[in-house]
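In: Sequence and predicted model, in that order:
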Amino acid sequence: MRRTLLVTALMMAVACGVTACGGGEAGPGGAAAGGPPGGEMKLPVEVITVQPQALSAGLQTVGSLRADESVVVRPEVAGRISRIHFSEGGHISAGQPLFSLDGSIAQASLNEAMANLANTRAAAARAGQLVGDKLIARSDYDKARAALGVDEARVASARTALGKMTLVAPFAGQLGLRSVSVGEFVSVGQDLVTLVRLDPIEVDFSVPETVLAQLRSGQKVKLTVDAFPGDTFGGDVVAIDPVIDSNTRSAKLRARIPNPDGRLRPGQFARLQLDTGNDSADALLLPEQALMQDGDTRFVYTVVDGKAKKTVVRTGVRVPGKVQVVEGLKAGDMVITAGQGKPMMHDGMGVMPLPSEGAAPAASAAKPKPETPAEPAAEPAAAAAEQPKK
């Protein structure tokens, strides 16, 4: 609809220009009928009137969700699985058993070590009595004490090995899908199941190095995910990487998001808005398509006295579809939003302003003009009635 209106207006302007160049009958003043004096063509453009608006600004970026804690459970010793203590996808508490491996050999080793320990403990006690009575040399007593220490270490080692036959949850969280079954022999370091903590959940994202001065821990973030359109999740920045990525020239940040219902999952794509404290109650916002650039200079075309005027501006933050103008414009200025990119556009070009699509129509355009051709149309009819009298 908007393009049709522009094309129609352009054709009308061209037709008026052609008529002015001699295609129509000359009027009393010598100008072509239906065209402006001199045949000046006006370029139809879409415009908006700049008005102050509330701005809830911030840096727009994207990121990826990650678990607050995540681990793949793997055994430290080889063995055969004798029991699985959990249900896939369920929640589990810290320290709760996950897998039990066959511990019969480890238990036998512990029993042997404890028997040896009992023997050496008794031998060390007897040696202590004998050395007190000076019946044995001090070196023999020292050897008995050393043997006792060795056997105590062997018992501790055997008990630790037996403990490793049971794999427990290092923290409370949600379990994934297990990749083994009861009776299966597993090797050292083999993946068994994934355990993640989903509440809170974290999001990693990057921002340009040019905004380093605006970054700080504790900043508020808002994010949305495609899985829950219309829902917004809030959190805080908890860490800023001190090293700038030399390839992308960006800083990495991590934010923590409360996730009590577990709707957010690790690996999801997220769109974020980082609060930088640039909110304003009277910001001047323009559609992004109104902004033009020549090298490092940004400018827009405004309409002054029916002509286009090139106006250099300084921009602020960007929000979806719009950009803030902090210098160069004032409230009430009429800015061209479509048509300014045509080759014939230049500073001082005559323009025909049209309201942008979705913009409120101008007051003059809102009121329909009263139709007045009825009276002129009656004159030919009256003349026709008088012809027979002549």
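Out: It's in. Numbering: from 1, shown residues only.

In: Which strand or helix spans Lys252?
Out: Assigned by DSSP states H and E, Lys252 belongs to strand 250-257.

In: Against which helices or strands is the next helix or strand after that strand packed?
Out: Once strand 250-257 ends, the next helix or strand along the chain (criterion: DSSP H and E) is strand 269-274. Judged by 3 or more Cβ pairs under 8 Å, 6 or more residues apart in numbering; DSSP states H and E, the packing partners of strand 269-274 are strand 59-73, strand 193-208, strand 220-225. Bear in mind the C-beta positions are built from the backbone N, C-alpha and C, glycine included.

In: As CSV, those strands with distance to Glu327, mean pLDDT and mean neighbour count would be great.
Out: Formatted as CSV, the helices and strands packed on strand 269-274 follow (distance: least, Cβ to Cβ, whole Å; pLDDT from 0 to 100; neighbours: other Cβ atoms under 10 Å):
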stretch, distance to Glu327, mean pLDDT, mean neighbour count
strand 59-73, 20, 92, 17
strand 193-208, 21, 94, 20
strand 220-225, 27, 93, 19
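
In: all helices of this structure, in order?
Out: Taking DSSP state H, the helices of the chain run over residues 2-18, 104-132, 138-163, 363-366, 374-386.

In: if we can go back for a sec, export the helices and strands packed on strand 269-274 to TSV and tack on distance to Met349?
Out: Formatted as TSV, the helices and strands packed on strand 269-274 follow (distance: least, Cβ to Cβ, whole Å):
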stretch	distance to Met349
strand 59-73	34
strand 193-208	36
strand 220-225	42
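
In: Need the residues that contact the strand holding Lys252.
Out: Here strand 250-257 makes contact (Cβ atoms under 8 Å, 6 or more residues apart in numbering) with 65, 68, 200-209, 212, 215, 221, 223, 233-241, 244-245, 264, 272, 274.

In: Now do that strand, average pLDDT.
Out: For strand 250-257, the mean pLDDT works out to 94.

In: for that strand, the distance to its chain's centre please.
Out: Remark: strand 250-257 is offset 10 Å from the chain centroid, using Cα atoms, centre = their mean, to the nearest Å.

In: Dump it to PDB, restricted to CA.
Out: C-alpha atoms of strand 250-257 as PDB (Å, rounded to 0.1, in the frame of the first residue of the first chain):
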ATOM      1  CA  SER A 250      34.500  -8.300  22.000                       C
ATOM      2  CA  ALA A 251      34.300  -8.900  25.700                       C
ATOM      3  CA  LYS A 252      32.700 -12.000  27.100                       C
ATOM      4  CA  LEU A 253      30.200 -11.800  30.000                       C
ATOM      5  CA  ARG A 254      28.200 -14.300  32.000                       C
ATOM      6  CA  ALA A 255      24.900 -13.700  33.700                       C
ATOM      7  CA  ARG A 256      22.800 -15.800  36.100                       C
ATOM      8  CA  ILE A 257      19.100 -16.300  35.600                       C
END
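
In: could you give the angle of it to strand 269-274?
Out: 100 degrees (axes from the mean of the first three to the mean of the last three Cα atoms, to 10 degrees).

In: For strand 250-257, buried residues please.
Out: For strand 250-257, the neighbour count (16 or more other Cβ atoms under 10 Å) marks Ser250, Ala251, Lys252, Leu253, Arg254, Ala255, Arg256, Ile257 as buried.

In: again with stretch 161-181
Out: Here stretch 161-181 shows Ala161, Leu162, Met165, Leu167, Ala169, Gly173, Gln174, Leu175, Arg178, Val180 as buried, counting by 16+ other Cβ under 10 Å.

In: which regions of the protein lie under the pLDDT threshold?
Out: Scanning the chain for pLDDT under 70 picks out 1-40, 56-58, 277-281, 317, 320, 356-390.

In: Show me how it divides into domains.
Out: Following automatic domain parsing, one finds the domains of the chain at 2-39, 46-55+281-361, 59-68+197-274, 103-164.

In: Next, the distance between the ends of the last one.
Out: Meaning domain 103-164. Domain 103-164 has an end-to-end distance of 9 Å (Cα to Cα, to the nearest Å).

In: Ser93: which of the domains of the chain is closest?
Out: Smallest distance to Ser93 across the domains of the chain (Cβ to Cβ): 11.8 Å, for domain 59-68+197-274.

In: Let me have the domains of the chain in a markdown table, extended by distance to Glu76.
Out: Shown next, in a markdown table, are these (distance: least, Cβ to Cβ, whole Å):
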| stretch | distance to Glu76 |
| --- | --- |
| domain 2-39 | 68 |
| domain 46-55+281-361 | 51 |
| domain 59-68+197-274 | 22 |
| domain 103-164 | 5 |
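
In: of all the ones you listed, which lies closest to His91?
Out: Across these, His91 has its closest neighbour in domain 59-68+197-274 (9.3 Å, Cβ to Cβ).

In: Just give me the neighbour total for Arg271.
Out: 15 (other Cβ atoms under 10 Å).

In: that older thread, figure out which of the domains of the chain is closest to His85.
Out: domain 103-164 (14.3 Å).

In: Tell me how far that closest one lies from the chain's centre.
Out: Remark: domain 103-164 is offset 62 Å from the chain centroid, using Cα atoms, centre = their mean.

In: Over to stretch 225-245?
Out: Offset of stretch 225-245 from its chain centre (Cα atoms, centre = their mean): 6 Å.

In: how about the CA coordinates for that stretch, as PDB?
Out: Taking C-alpha atoms only, stretch 225-245 is exported to PDB below (Å, rounded to 0.1, in the frame of the first residue of the first chain):
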ATOM      1  CA  VAL A 225      14.000 -17.600  24.000                       C
ATOM      2  CA  ASP A 226      12.100 -19.000  21.000                       C
ATOM      3  CA  ALA A 227      10.700 -21.800  23.100                       C
ATOM      4  CA  PHE A 228       8.600 -19.400  25.100                       C
ATOM      5  CA  PRO A 229       7.600 -16.400  22.900                       C
ATOM      6  CA  GLY A 230       6.400 -13.400  24.800                       C
ATOM      7  CA  ASP A 231       8.000 -14.400  28.100                       C
ATOM      8  CA  THR A 232      10.900 -12.400  29.400                       C
ATOM      9  CA  PHE A 233      13.500 -13.700  31.900                       C
ATOM     10  CA  GLY A 234      15.600 -11.500  34.100                       C
ATOM     11  CA  GLY A 235      18.900 -11.900  35.800                       C
ATOM     12  CA  ASP A 236      22.200 -10.200  36.700                       C
ATOM     13  CA  VAL A 237      25.800 -10.200  35.300                       C
ATOM     14  CA  VAL A 238      28.000 -12.200  37.500                       C
ATOM     15  CA  ALA A 239      31.300 -12.200  35.700                       C
ATOM     16  CA  ILE A 240      33.200 -10.200  33.000                       C
ATOM     17  CA  ASP A 241      36.100 -11.900  31.200                       C
ATOM     18  CA  PRO A 242      39.200  -9.700  31.700                       C
ATOM     19  CA  VAL A 243      40.600 -10.700  28.300                       C
ATOM     20  CA  ILE A 244      39.300  -9.200  25.000                       C
ATOM     21  CA  ASP A 245      38.900 -11.700  22.200                       C
END
